[in-house]
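>>> Just the structure for this:
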Amino acid sequence: MFSLQRLSNFIPRSIIIRSYSARKPKRQTKLSAPIFSTQKLDDGSTFTSRQPTSVTAAVESLPPPIRPIKEKKYHLTEVEVAEIRRLRAEDPNYWTRKKLADKFECSQYFVGFVAPLPHEAIQKMINEQKQKEERYGERKKLAIKLKQKRRKLW
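Residues are numbered from 1 along each chain as shown. The predicted structure is shown next:
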């Protein structure tokens, strides 16, 4: 008698059928939410809260911040705000939001809110963009039109 192993040398692998036992599925464990606090009530029952009862409990369970948290500064006076507006109106190409924010140690959003870009500068930027778009080739123009069409369908 030949053994199956010796026969497997002569029979093509596609014909040999091996039986494998099915693996048992892994047992799933119940996921339990962390319990933040339990309190005994007057009637003798227990109150369990899954919400943090204090801010410190919520903060302790968080991972550390990636960047250091900056404290908000409300340090600019009316004179400094007037200076920001004057510089921005004087030369908006040089005194950008970023430069003014760095100089006065405030946010770029605040600079844009206090001293928005003059309308002439906005029109200049729009005209520059139009001139740039006129130099686009046919394929890019078609791609832009198709993108605008897709956005309308959203």
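
>>> Name the SS class of the residue nearest in space to the middle of the chain, please.
Centrality entry for the chain: nearest residue to the mean C-alpha point is Ile66, 13.4 Å, by C-alpha atoms, centre = their mean. Look at Ile66: counting by DSSP: H, G, I helix; E, B strand; the rest coil, its state is coil.

>>> tell me the pLDDT at it?
Ile66 is assigned 91 on the pLDDT scale.

>>> That one and Arg85, how far apart?
Taking C-beta to C-beta, to the nearest Å as the measure, Ile66 and Arg85 are separated by 35 Å. Every C-beta, even on glycine, is put in place using the N, C-alpha and C of the backbone.

>>> can you list the domain ranges for this structure.
By the assignment in automatic domain parsing, the chain contains the domains 78-117, 121-152.

>>> how many neighbours does Arg88 have?
Using other C-beta atoms under 10 Å, Arg88 has 23 other residues around it.

>>> Please report the distance of it from Ala101.
On the measure of C-beta to C-beta, Arg88 and Ala101 end up 11 Å apart.
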